[in-house]
Structure formats: C-alpha cells, structure tokens
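# could you look at this predicted model? Sequence included:
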Amino acid sequence: MNSIIVNIYYGSIGNAGSYIHKIIEAQNMSKIPNLSIVNYRYIFDDDNCYKIFFRFSESVKNKNIRKMIKFIEYYIDYYKIFMLIRSLSHRYDKIYIDYSLNENFIFNYQFLKLIKTLRNASLVITIHDVIPMTSNYPQIMKKTLREFLDLADSFIVHNNYTADILANEYNIESKHIYRIAFPLMDIGNAGENTEVEGNGKIIFLFIGSFRKEKGLDVLINAWNKIKDDFDNAILVIAGKIPKEYEHSLDSNKRIKVVNRYLSDREYIKYIAHSDYVVLPYIGGTNSGVLSNVTALGKPAITSDIEMFKESKLNLKRLMFSLRDQDALYKMMRQRIENYDEEYKGICEEVKKLTIRYNDSFKKDVEIAFSQILMGK
C-alpha cells in the first residue's frame, strides 16, 4: 500500500524542535515515508519539512497582542495544513497523521476532527504527558483529554507508565498503543556567554518551568540542610520563579537565582556549565529536560517517580525517594564529598548510556511506524 506518515508538531520552536528532528532522522534512516509540519522557527533543515506554525506571533513582544495574533494563526495555519493533507490524500492510499498533543484548545480539537473527514486519513496522537492538561484559559476554549483521545485511531507513547494509564483509565486497547522511547534531544554546546561559572565550585542546577509537580520545594528544603556544610558547592536555580518561592531564595547566599525566562542559548549554557542537574519531580510522565541534560553528557539526580524509574536516560544510582528531602540531601552531600573520586567516571557512564540509547531509539521508531503503516 502507498502510505505516508505526516508528523505535526507546532511546539517545535528553537531547542524543542530537536524532539521531532530526532523522530524525522530515525524515520529517514529506516526509510519510513514521511512529511513533517513544524513551527516556522524550526532550526533544523530536514527534507520534506514544512515550516508553517506561528510565523508572525512568535516575533511579537507584547504578551497580550501575541496571544491574539496566535489564536488567529491557529485557524489560518490549520487551514493551510488541512489543504496540504487533502492534496496528499489524492496521491496516497493511506495517510497517517502523527499529531503531537501539546494543548487542549478547541481549535486543536476542531482541526483533528476535520482531518477525520478525509476518507483515507488515520489519526495517530502522540501523548507527551497523559496527565490532564491545565491552563488559565476559560473552559469554553478547551476540550478534555478524553475528547481528544476519542478522536484518535492509535497512539504513540514514550513509556509503559503512560501506556498503562491509557489502557486502565481510558480503556484504550493495547493493540492501538505504540511505544517509542523519548528521543535524546541533542541541543549542542553552542550558546551565548552566560555567567554561570562557580569559581571552582560544584554546581547543582535546577532549570526549566516551575510548575508545582517539579518539586522545587523539596530541593530548597534539602539544600537548606547542606548549604552551611560546604563552601565548595552552589545551587543554581534558573528560570521564571513563582512569587511564593522568591522570598525563601533571596536570603540564601549559596543559591544563585536567575529569575527570568531563559533563551535557548542560555538554557544550553546553564546545563553545559553545571556538574549535576537536579530533577526532584513529584509528578509527570515525560521530561524533555532529562533528555537535554543526558545528551549534553551531564548526570541528572532524579526522584523515583515512574517516568524516571522506567527511563534509560538516567543513572539509577543517582535516584532518590519521591518527596524525600532527607534522601535528596544525602544524595547531594555524597556527590560533593566524593566529587574528585567519582565525577569523571559518572560522566563516562552517561556517555556510554547515550550511545546505547540512540541505537535503541532508532529501532523503536522503525518498529512502531512500520507497524502503523501496515495497519497492525
């Protein structure tokens, strides 16, 4: 049968685009016929790749105006994409739309529903995080996760934990669920000069979005126990910080706080200049941060939530018990005390891990998309 995979991922701006880039790269290596539709500012030059989403809104500085333009672009961009896919429907016997689900706006839902009207289109939804999506937008603008799942013919997930939730909580048959490991998002070492250097100190880094499930309070409580014991270690917290945390961080001299949204280049530099990245998450089913950190050859200290226990991107001996600030304190203390003896060896372990992981990921992509194309 003459079939094609159409990857759609509008969250592919900047470094985040390395996610779909790795998928496309693996599809091409496996000779999986594909076409991709991505953000207008997608930084890679992949073949058969259309850069469409949010050409104008992403360049607007005013937040409210940017939102307004972005909502208009949703409809315009989705119309362009629908017309493109409709033209493909005349050339292919079957079109499999692999849609990365990022947000639950009603226009996302309407677009997918429109795709379903094409006689030879099959909808595959990639679930990045099966935890129901939340936002401050009015409910009238949103659809539930269940409503999105009901549109799909099949699903791609990144771990067994997500697959189990789809099967047990949403009654989705396992034969419709395909597992592909989360790609190693290699974002490179290039970046602008950023003042992160610890003057010879061991740097622990917390970076990324500061939602409640990221466990920042666990890290702060653990660090408060350790900050006065060593003068050769600092904690860097980088990213826009919620107001409730600002007071507890201001008075702590052994914490370097970067309270702002980071550019892609800054994000790379902070990870590249750290010794350990700490991910004390208390929830979630995926972590792009862990992928970035590992790809840059840095070890991550993680909690033992399901996604980290199942992941092959982290070293299990650098894992501590969920919400256990004492366990995290002991973990960081051991890393400081044994730094000279163990750090280079730990980094070598991470490098070997990435080689094994990349090979495994390519096989996952080949198997999953081959089965999707064959309708299995």
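Received, thanks. The shown structure was predicted, so the numbers you read here are calculated from the model rather than taken from an experiment.

# which parts of the stretch 1-150 of the chain are helices?
18-29, 63-88, 106-115, 145-151 (DSSP state H, counting those that start in this stretch).

# by mean pLDDT, flag the weakest helix or strand of the chain.
Here the helix or strand of the chain ranked lowest by mean pLDDT, DSSP states H and E is helix 243-250, holding a mean of 69.

# need the next SSE after that helix, C-terminal direction.
Where DSSP states H and E defines the elements, the next helix or strand beyond helix 243-250 is strand 255-258.

# by contact count, what packs against the helix or strand just after that next one?
Downstream of strand 255-258, the first helix or strand assigned by DSSP H and E is helix 264-272. Contacts defined by 3 or more C-beta pairs under 8 Å, 6 or more residues apart in numbering; DSSP states H and E place helix 264-272 against strand 202-207, strand 233-238, helix 288-295. All C-beta atoms are positioned from the backbone trio N, CA, C, and that covers glycine.

# and the ones you listed as TSV, adding mean pLDDT, mean neighbour count and distance to residue 50?
Converted to TSV, the helices and strands packed on helix 264-272 look like this (pLDDT from 0 to 100; neighbours: other C-beta atoms under 10 Å; distance: least, C-beta to C-beta, whole Å):
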stretch	mean pLDDT	mean neighbour count	distance to residue 50
strand 202-207	96	22	31
strand 233-238	94	22	33
helix 288-295	92	23	23
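
# what is the helix or strand that residue 334 is a member of packed up against?
If you go by DSSP H and E, residue 334 is part of helix 325-337. If contacts are counted by 3+ C-beta pairs under 8 Å, 6+ apart, helix 325-337 sits against strand 202-207, helix 216-226, strand 276-279, strand 300-303, strand 319-320.

# so which of these is nearest residue 31?
Closest to residue 31 of the helices and strands packed on helix 325-337, according to C-beta to C-beta: strand 300-303, at 33.7 Å.

# and that closest one, average pLDDT?
Averaged across strand 300-303, the pLDDT comes to 97.

# what do you get for stretch 98-107?
Stretch 98-107 comes out at a mean pLDDT of 92.

# do the same with stretch 157-176
For stretch 157-176, mean pLDDT rounds to 93.

# now do the end-to-end distance for it.
In stretch 157-176, first residue to last residue: 11 Å (C-alpha to C-alpha, to the nearest Å).

# alpha carbons only: can I get stretch 358-374 in CSV?
Only the C-alpha atoms of stretch 358-374 are listed here, as CSV (Å, rounded to 0.1, in the frame of the first residue of the first chain):
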residue,chain,number,x,y,z
ASN,A,358,20.4,6.2,20.5
ASP,A,359,20.6,2.7,18.9
SER,A,360,17.5,1.6,20.9
PHE,A,361,15.5,4.7,20.0
LYS,A,362,16.1,4.2,16.2
LYS,A,363,14.8,0.6,16.5
ASP,A,364,11.7,1.8,18.4
VAL,A,365,10.9,4.3,15.6
GLU,A,366,11.4,1.8,12.9
ILE,A,367,9.3,-0.9,14.5
ALA,A,368,6.4,1.4,15.6
PHE,A,369,6.0,3.4,12.4
SER,A,370,6.4,0.3,10.2
GLN,A,371,3.6,-1.3,12.2
ILE,A,372,1.5,1.8,11.9
LEU,A,373,2.0,1.9,8.1
MET,A,374,1.0,-1.7,7.8
